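Asks: here is my input; please provide its structure:
(one chain, ligands or ions: 3)
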Amino acid sequence: MSKNLVVILGDQLSQNISSMDNFDIKNDTVLMMEVANEIEYVNHHKKKLVLIFSAMRHFANELREKKINVIYVEFDKSKKTFTEELENQCKKNKPDLIKITHPGEFRVLNEIKNWKDKLKIPVTILEDTRFFCEIKEFENWALSKNNLLMESFYQLMRKKFKILVDSEGKPLGGKWNYDVKNRKSLPKNHPKIPLPIKHEPDDITKNVISLVQKNFSNHYGSLDSFWFATSRKDALKSLDDFISNRLKYFGPYEDSMSSEEKFLYHSTLSVYLNIGLLEPREVISRVLEQKDIPIESLEGFVRQIIGWREYVRGIYWHLMPKYSESNFFDAKNNLPDFFWTSDTDMNCMKNCLQQTNDEAYAHHIQRLMVIGNFSLIAGLDPKKVCEWYLSVYADAFEWVELPNTHGMILFADGGILGSKPYAASGNYINKMSDYCKNCKYDVKEKNGKNACPFNYLYWNFFLKNESKIKDNPRLWTVFSNIKKMSKDKKQLIQSDSEKFLSKTIPK
Ligand code: FAD
Ligand code: DLZ
Ligand code: SF4
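Replies: Ligands and ions are numbered 1, 2, ... in the order given. Next up is the predicted model:
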């Protein structure tokens, strides 16, 4: 009888993970490892470290309850890499075969590909079947298309999995897309929105909090009031809570921002989906079972999970490793210190950065239209921005973080993922949030000391990159305005931007 060693990584905490298929309880063993390299390769938020370690430890216990033999390697400084630790375990356990589900990061895949030669043991890498779309299937779709629009991939997924379609494959409600209904800002006297459940840390989580406090106090972010679910049971409670309390209005307010409401009607489920405590298929079927949810909320939510989430993963595996190397605008600026300290006079940035520091969470529009928009128009270096996003959010794994950062916000891929850069002036932020009313800067001012920096940086971005994007049909209005702009106005924009950037960007 062959003896298998099944390696389960920190984001593979699903009972149905493919590496456990045909698991032989008598002969096979599961190996889980907390290793220094995974902790240190970026400056992970402390809450992200607690989430992953606590969830790994809960998962190992759940497997043991099913009488599965688990070797769990707890963190100590001498445990450096997956490979070194696996080598130690193979010497002791002498498996005939190592099994692992395809990892979520290219870096880790490369490491795994070396195991066979290094350990002289065969290694089987299995498809990650938790996703709706296999890597190969996306690749075939991508190769059959001239441009890789999310919308066309999304419609394919809806039809293939018969989600919100009628018997002829037409969209329920008559439209594939309800985006126009889903752009509301939060009215002033909107009733308080129910917060996501806060899960009280149990003994396992408390131990991990102490471990992180002791060993990783230099990492980014606050450890106060840790509230994430770290077990499947609690993650299911969070799913129920979202469905009962926030799904109904998810669509209309998905683009809005509020200094009073950190989570609005968002689900916060990415944290659990990305480490495997919840599976996308169960989330979709639970959501579709609900009665009385308006189509714009149902479709809006389904689009995020079977559209965007699957699409960015496909893009990542289709285009890596070259994808991360592009820098379309040749942007080279360092990150301002306030990305780490939250200490800035721009109230929108301060709010989103402080929330990121406190919660290891910001919702999509905060990531995209505030921090992301700023990173784009301030010309920040894509590699540094990607590293920041990978560090600071609890749900950040490279397969999902990189396309969103490198492609969606920075347009560093030159337009594979988005058809135009998501640049916006202060006006957009003012329309969609209440941030501007408490800001030192004046959103209505275009130039000068009190002007909102988003206003001049926005035009400066287009002036600087004119030759690269002026023929983009979606930017026709922008460049026709630039044509009408006087030389003096252009100079003012450039000098305000230079002054701001020279104060803000470390050399
Ligand atoms: P909800 O608004 O409730 O959305 C529901 C679910 O849809 C999410 O849980 C998530 O699984 C999925 N989803 C929504 N938008 C996207 C998207 N653009 N790409 C992939 N999945 C999506 N998401 C991550 O999971 N990890 C990341 O590291 C990450 N980095 C991002 C970086 C930038 C610059 C931007 C603009 C977006 C990033 N996103 C990332 C996407 C999105 O912001 C988060 O998925 C979302 O904010 C998570 O919060 P939520 O669960 O409350 O989402
Ligand atoms: C992010 C992370 C961290 C901080 N620590 C570990 C760890 O100690 N052990 C582990 O198995 N996984 C960890 N992870 C997740 C991995 O770094 C990696 O991102 C994913 O496995 C890639 O899919
Ligand atoms: Fe942000 Fe400008 Fe509004 Fe201030 S005025 S909150 S900097 S958009």
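
Asks: what's the separation between F461 and ligand 2?
Replies: Shown here: F461 relative to ligand 2, a distance of 32 Å by Cβ to the nearest ligand atom, to the nearest Å. C-betas here are computed from N, CA, C, even on glycine.

Asks: and the helix or strand hosting that residue, what other elements does it pack with?
Replies: Following DSSP states H and E, one finds F461 within helix 453-464. Of the remaining helices and strands, those touching helix 453-464 by 3 or more Cβ pairs under 8 Å, 6 or more residues apart in numbering; DSSP states H and E are helix 373-377, helix 426-432, helix 476-484, helix 487-504.

Asks: can we see that at 6 Å?
Replies: Helices and strands in packing contact with helix 453-464 are listed as helix 373-377, helix 487-504; criterion 3 or more Cβ pairs under 6 Å, 6 or more residues apart in numbering; DSSP states H and E.

Asks: reformat these as JSON lines; add distance to ligand 3.
Replies: Conversion of the helices and strands packed on helix 453-464 to JSON lines gives the following (distance: least, Cβ to the nearest ligand atom, whole Å):
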{"stretch": "helix 373-377", "distance to ligand 3": "9"}
{"stretch": "helix 487-504", "distance to ligand 3": "11"}
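
Asks: just name the most buried of these.
Replies: By mean neighbour count, with neighbours taken as mean count of other Cβ atoms under 10 Å, helix 373-377 ranks first of the helices and strands packed on helix 453-464 at a mean of 26.

Asks: for the helix holding F461, the distance to its chain's centre please.
Replies: Counting by Cα atoms, centre = their mean, to the nearest Å, helix 453-464 is centred 26 Å from the centre of its parent chain.

Asks: is it in proximity to ligand 3?
Replies: Yes - judged by Cβ under 6 Å from any ligand atom, helix 453-464 comes into contact with ligand 3 at P453, F454.

Asks: count of residues packed around E325?
Replies: Neighbour count for E325, taken as other Cβ atoms under 10 Å: 12.

Asks: residues in contact with it?
Replies: The neighbourhood of E325, defined by Cβ atoms under 6 Å, 6 or more residues apart in numbering, contains no residues.

Asks: distance-wise, check V70 relative to I100.
Replies: Using Cβ to Cβ, to the nearest Å, V70 is found at 15 Å from I100.

Asks: which of the two has more neighbours?
Replies: For V70 and I100, the more surrounded residue by other Cβ under 10 Å is I100, and the numbers stand at 25 against 17.

Asks: I'd guess D240 is in a strand, am I close?
Replies: No - the secondary structure assignment for D240 gives helix rather than a strand, going by DSSP: H, G, I helix; E, B strand; the rest coil.

Asks: returning to that earlier point: residues of the helix holding F461 that come out buried?
Replies: By neighbour count on 16 or more other Cβ atoms under 10 Å, the buried set for helix 453-464 is P453, F454, N455, Y456, L457, Y458, W459, N460, F461, F462, K464.

Asks: as JSON lines, those with pLDDT would be great.
Replies: JSON lines is the format used below for the buried residues of helix 453-464 (pLDDT from 0 to 100):
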{"residue": "P453", "pLDDT": "98"}
{"residue": "F454", "pLDDT": "98"}
{"residue": "N455", "pLDDT": "98"}
{"residue": "Y456", "pLDDT": "98"}
{"residue": "L457", "pLDDT": "98"}
{"residue": "Y458", "pLDDT": "98"}
{"residue": "W459", "pLDDT": "98"}
{"residue": "N460", "pLDDT": "98"}
{"residue": "F461", "pLDDT": "98"}
{"residue": "F462", "pLDDT": "98"}
{"residue": "K464", "pLDDT": "98"}
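
Asks: do I have it right that V443 meets G426?
Replies: Yes - under the criterion of Cβ atoms under 6 Å, V443 lies in contact with G426, with a separation of 4.2 Å.

Asks: related to what we said a few turns ago, with D343 as the reference, name the closest of the helices and strands packed on helix 453-464.
Replies: Shortest separation from D343 across these is recorded for helix 487-504, at 11.4 Å, computed as Cβ to Cβ.

Asks: contacting residues around L126?
Replies: With the criterion set at Cβ under 6 Å, 6+ apart, L126 makes contact with S18, S19, T101.

Asks: what's the answer for T81, then?
Replies: V35, N37.
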